[in-house]
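# the following block contains a protein sequence and its predicted model.
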Amino acid sequence: MGQMLEMSVAGKEDNDREKEATPQPEEPKRSIASMLDRVEGCSRITEIPGRYIVHDGDLVELDTDSFSEVQHVHAYLLNDCLVITTPVVNRRGPVRYKYQALYELDSLAVVNVRDVGPVKNAFKLLMFPDQRIYRADESKTKNRWLKKMDQAKKAKQAHDKKKKELEAQKSIESDAYNPSLFKKPRSLFEAFAESEDTSPFGSSEHNILEEEWIMELPEDLDMLIAQRNFEDAADLVLKANETLSSVPQSPALKEMRARVDHRVKQLTDVLTRELQVSPDRSLRGGPQVTRRAVTQLIRLGRATQACDLFLKNRSAAIKQSLRQLRIEGATSIYITKLCSVFFNHIIETGKEFRTTFAENQGCFSAFVVWSKGELNGFILNFSRQALAKKTTLSTVAECVGIARSYCERLSTIGLDLLFAMNGLLLKGIRESIQFNKDQLIEASRHRNAEERWYPLNQKNPHAANNLTQEMRNLGFENFHTLVYDTCFISIAGTTVAFTKVLLSFLNDSLRLYLPDLYPDLTVALKEVIDSHVNLVEGAVIAERYEEERAFIMKNIDYIFKNLLPLVEKKLKDKSGRSLKEFALLRRRHKDIMHKVQNLGALC
């Protein structure tokens with residue numbers, strides 16, 4: 001019985017061995033060349049010799065947090081990597097795809113995702129520093145993907161192990177018998193010539209690619225990126241590029257370069273995320289906090305990308321700082337805070353930019369363009385407060401003066417945006433001058449309607465002195481000549497009030513002055529003076545003011561002989577232009593005198 005049992009067990013083992021020894025039918029290898037016809041941007045993938053397609057199919061990418069659909073993809077599992085593509089929309093004919101990403105099987109972990117709630121038939125791909133979740137259309141399809149990826153990873157590991165063993169054995173055999181060791185050159189000159197004629201495509205290529213640090217380069221880069229040791233990772237990449245540049249073109253070199261390029265892309269993506277703005281990332285600390293990521297991107301040859309990300313990061317920081325300002329108190333107080341925050345940010349950014357991109361002079365034009373773009377945003381915030389409708393011209397002049405003084409500080413970094421800022425403010429200043437001019441004309445009408453036309457009585461010398469000082473502050477130095485009997489002014493109260501508001505309007509306008517504003521300013525002044533003259537002219541020829549006609553005429557003389565020349569002088573001193581616009585206005589003085597003489601009021 002025991003002998004029969006032994007024979008039975010032995011027979012079973014023999015059958016199992018025969019079954020294992022019988023080769024399983026392999027699926028036919030699909031040529032990777034077929035991807036060229038269907039996938040855009042995959043030419044570099046197909047250049048690596050020995051690659052073939054193991055499996056492919058449609059999947060749906062899910063968001064790793066909400067598990068909502070992100071996009072439809074078509075995945076290609078190759079014998080050494082996984083390629084993700086996306087469909088090209090709005091295209092007629094056969095379905096085509098666009099290359100999106102490549103993940104090497106060496107650095108890829110596949111995890112099954114249990115069916116929970118809305119998530120069904122899904123699996124997760126882990127590859128530092130990212131992770132992706134993909135969903136298959138049915139459970140059978142998911143299991144097939146998991147099985148194929150597991151088989152591909154194992155097959156690659158076995159292939160790599162066998163390749164290393166063959167290389168080690170080949171190295172031992174080449175060392176055991178090397179004909180060059182027995183070849184003795186006839187002379188020193190011949191030996192030197194022989195060494196010069198040695199082909200670089202020989203063993204030197206294999207020696208470099210078989211060096212231990214080169215073979216472990218992809219894994220070392222993965223480790224450094226995982227540890228966020230960006231400086232050492234960039235050093236290793238630069239060293240590898242320098243070393244591989246001396247190796248002649250070969251399939252082995254292409255494969256190694258593809259693996260290194262993939263790690264460089266991973267490193268670049270991580271550095272890019274360091275500079276990207278997100279709600280959970282603090283922007284405090286100034287532009288210096290971005291220096292580490294920017295510097296490594298520049299070293300990797302991504303200076304343009306680093307410049308773009310750096311400036312976008314600073315834009316977000318400016319917006320965040322401006323958003324935290326509170327509108328309270330006087331308008332000028334808020335404008336001072338606004339200008340301080342904005343222009344200090346620009347200065348800090350300029351200093352950091354000059355330090356970080358010192359070797360990339362071509363990027364400085366991008367900084368200038370960025371600064372002008374940020375200035376546009378600043379002017380929008382500025383105009384909402386300082387140039388709002390019904391804002392007095394004195395407030396506008398004060399706020400614009402604050403902005404100009406802060407803008408001039410940009411000269412410390414070699415930047416001049418004053419001309420650009422004035423151009424952006426021009427429209428708002430024009431509207432403000434026009435609005436305040438209309439208010440001035442309307443107020444003058446109301447005052448003249450109530451005027452009784454007698455000399456202004458200040459009632460005491462102190463008040464008269466205060467009025468004289470106020471006029472002196474407005475630029476009317478000779479106003480004291482109009483004072484008599486210590487407290488009387490030889491012109492009417494409406495004329496005194498008009499003088500004050502006109503000179504205030506003129507002084508505020510001159511604080512805002514730009515050459516482009518000259519026509520607007522002269523027209524506004526002419527309309528204001530002309531409107532007041534019309535009112536006084538109407539009074540001087542009115543019958544109800546027949547007794548006061550001589551005094552009213554004295555006010556008219558004051559306007560044309562004292563006030564108008566003062567306005568012309570101040571405007572000419574600021575603009576440096578000879579004024580021809582007021583010539584027609586001066587003629588009105590003679591016309592009014594002629595009308596009054598015809599009434600018989602003047603001798």
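In hand now; what should we look at?
# please, where are all the helices along the stretch 1-150 of the chain?
2-21, 34-38, 43-46, 139-176 (DSSP state H, counting those that start in this stretch).
# weakest of those helices by average pLDDT?
In terms of average pLDDT, helix 2-21 trails the rest of those, at a mean of 43.
# what's the span of stretch 577-585 from first residue to last?
Across stretch 577-585, the terminal residues are separated by 18 Å (CA to CA, to the nearest Å).
# what's the mean pLDDT across that stretch?
Mean predicted confidence for stretch 577-585 is 79.
# give the buried residues for it.
581-582, 585 (16 or more other CB atoms under 10 Å). In short, each C-beta sits where N, CA and C put it, glycine included.
# what about the residues you listed, which are in helices?
With DSSP state H as the criterion, helices contain Leu585 from among those.
# dump the buried residues of stretch 577-585 into a markdown table; add distance to Arg384 as well.
Shown next, in a markdown table, are those (distance: CB to CB, whole Å):
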| residue | distance to Arg384 |
| --- | --- |
| Glu581 | 33 |
| Phe582 | 36 |
| Leu585 | 37 |
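# does Leu311 touch Val369 like I think?
No. Applying CB atoms under 8 Å as the test, Leu311 and Val369 come out as separate, 9.0 Å apart.
# more neighbours: these two, which one.
Comparing Leu311 with Val369 by other CB atoms under 10 Å, the one with more neighbours is Leu311, at 22 against 11.
# so how far is the helix or strand the more buried one falls within from its chain's centroid?
Assigned by DSSP states H and E, Leu311 falls within helix 303-323. Centroid displacement of helix 303-323 relative to its chain, using CA atoms, centre = their mean, to the nearest Å, is 5 Å.
# which strands and helices sit next to the helix or strand that it is followed by?
Sequence-wise, the next helix or strand downstream of helix 303-323 (DSSP H and E) is helix 331-356. With contacts taken as 3 or more CB pairs under 8 Å, 6 or more residues apart in numbering; DSSP states H and E, helix 331-356 sits against helix 291-299, helix 303-323, helix 364-386, helix 393-408.
# let's see 6 Å
helix 303-323, helix 364-386, helix 393-408 (3 or more CB pairs under 6 Å, 6 or more residues apart in numbering; DSSP states H and E).
# any chance of those helices in a markdown table, plus mean pLDDT?
Supplementary listing: the helices and strands packed on helix 331-356 in a markdown table, determined by pLDDT from 0 to 100:
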| stretch | mean pLDDT |
| --- | --- |
| helix 303-323 | 91 |
| helix 364-386 | 94 |
| helix 393-408 | 95 |
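# want to throw those helices into a markdown table with distance to Leu126?
Formatted as a markdown table, the helices and strands packed on helix 331-356 follow (distance: least, CB to CB, whole Å):
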| stretch | distance to Leu126 |
| --- | --- |
| helix 303-323 | 26 |
| helix 364-386 | 37 |
| helix 393-408 | 51 |
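# closest one to Met127 among the ones you listed?
helix 303-323 (21.7 Å; CB to CB).
# just the CA coordinates for the closest one, please, in PDB.
C-alpha atoms of helix 303-323 as PDB (Å, rounded to 0.1, in the frame of the first residue of the first chain):
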ATOM      1  CA  ALA A 303      14.900  80.000 -16.700                       C
ATOM      2  CA  THR A 304      11.900  81.200 -18.700                       C
ATOM      3  CA  GLN A 305       9.600  79.000 -16.800                       C
ATOM      4  CA  ALA A 306      11.100  80.000 -13.500                       C
ATOM      5  CA  CYS A 307      10.700  83.700 -14.400                       C
ATOM      6  CA  ASP A 308       7.100  83.200 -15.300                       C
ATOM      7  CA  LEU A 309       6.300  81.300 -12.100                       C
ATOM      8  CA  PHE A 310       8.200  83.700  -9.900                       C
ATOM      9  CA  LEU A 311       6.400  86.700 -11.200                       C
ATOM     10  CA  LYS A 312       3.000  85.000 -10.900                       C
ATOM     11  CA  ASN A 313       3.800  84.100  -7.300                       C
ATOM     12  CA  ARG A 314       4.600  87.800  -6.600                       C
ATOM     13  CA  SER A 315       1.400  88.900  -8.300                       C
ATOM     14  CA  ALA A 316      -0.600  86.700  -6.000                       C
ATOM     15  CA  ALA A 317       1.300  88.100  -3.000                       C
ATOM     16  CA  ILE A 318       0.500  91.600  -4.000                       C
ATOM     17  CA  LYS A 319      -3.200  90.800  -4.500                       C
ATOM     18  CA  GLN A 320      -3.300  89.100  -1.100                       C
ATOM     19  CA  SER A 321      -1.700  92.100   0.600                       C
ATOM     20  CA  LEU A 322      -3.900  94.600  -1.000                       C
ATOM     21  CA  ARG A 323      -7.000  92.600  -0.200                       C
END
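# give me the contacts around that helix.
With contact meaning CB atoms under 6 Å, 6 or more residues apart in numbering, helix 303-323 is reached by 275, 277, 283, 287, 290, 294, 297-298, 341, 345, 349, 360, 363, 366, 370.
# which parts of it are buried?
Per 16+ other CB under 10 Å, helix 303-323 contains these buried residues: 303, 305-311, 313-315, 317-319, 321-322.
# tell me the one of those nearest Lys98?
When the buried residues of helix 303-323 are compared against Lys98 (criterion: CB to CB), the nearest one is Gln305, at 20.5 Å.
# lowest average confidence, helix or strand, in the protein?
helix 188-197 (a mean of 39; mean pLDDT, DSSP states H and E).
# list the helices and strands the helix or strand encompassing Pro519 packs on?
For Pro519, the host element (DSSP H and E) is helix 518-540. Under the contact definition 3+ CB pairs under 6 Å, 6+ apart, helix 518-540 sits against helix 418-449, helix 549-558.
# JSON lines for those, including distance to Ile379 and mean pLDDT?
Below are those laid out as JSON lines (distance: least, CB to CB, whole Å; pLDDT from 0 to 100):
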{"stretch": "helix 418-449", "distance to Ile379": "4", "mean pLDDT": "93"}
{"stretch": "helix 549-558", "distance to Ile379": "42", "mean pLDDT": "92"}
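# next, format those as CSV and append mean neighbour count and distance to Thr85.
Formatted as CSV, the helices and strands packed on helix 518-540 follow (neighbours: other CB atoms under 10 Å; distance: least, CB to CB, whole Å):
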stretch, mean neighbour count, distance to Thr85
helix 418-449, 17, 45
helix 549-558, 18, 86
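# these into JSON lines, with extra columns for distance to Gly576?
Shown next, in JSON lines, are the helices and strands packed on helix 518-540 (distance: least, CB to CB, whole Å):
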{"stretch": "helix 418-449", "distance to Gly576": "17"}
{"stretch": "helix 549-558", "distance to Gly576": "28"}
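# contacts for the helix holding Pro519?
430, 433, 437, 440-441, 444, 448, 498, 509, 545, 549, 552-553, 556, 575, 581, 592, 596.
# run a quick neighbour tally on Gly50.
Neighbours of Gly50 (other CB under 10 Å): 11.
# for Leu563, same thing?
19.
# show the backbone phi and psi for the closest residue to it other than its chain neighbours.
Leaving aside its sequence neighbours, Leu563 sits nearest to Thr499 (CB to CB, 6 or more residues apart in numbering; 5.9 Å). Torsion angles at Thr499 (phi, psi; degrees, to the nearest 10) stand at phi -60, psi -40.
# cool, Val483 as well?
Dihedral angles (degrees, to the nearest 10) for Val483: phi -90, psi 140.
# please name the bridge partners of it.
Beta bridges link Val483 to Ile489 when assigned by DSSP bridges.
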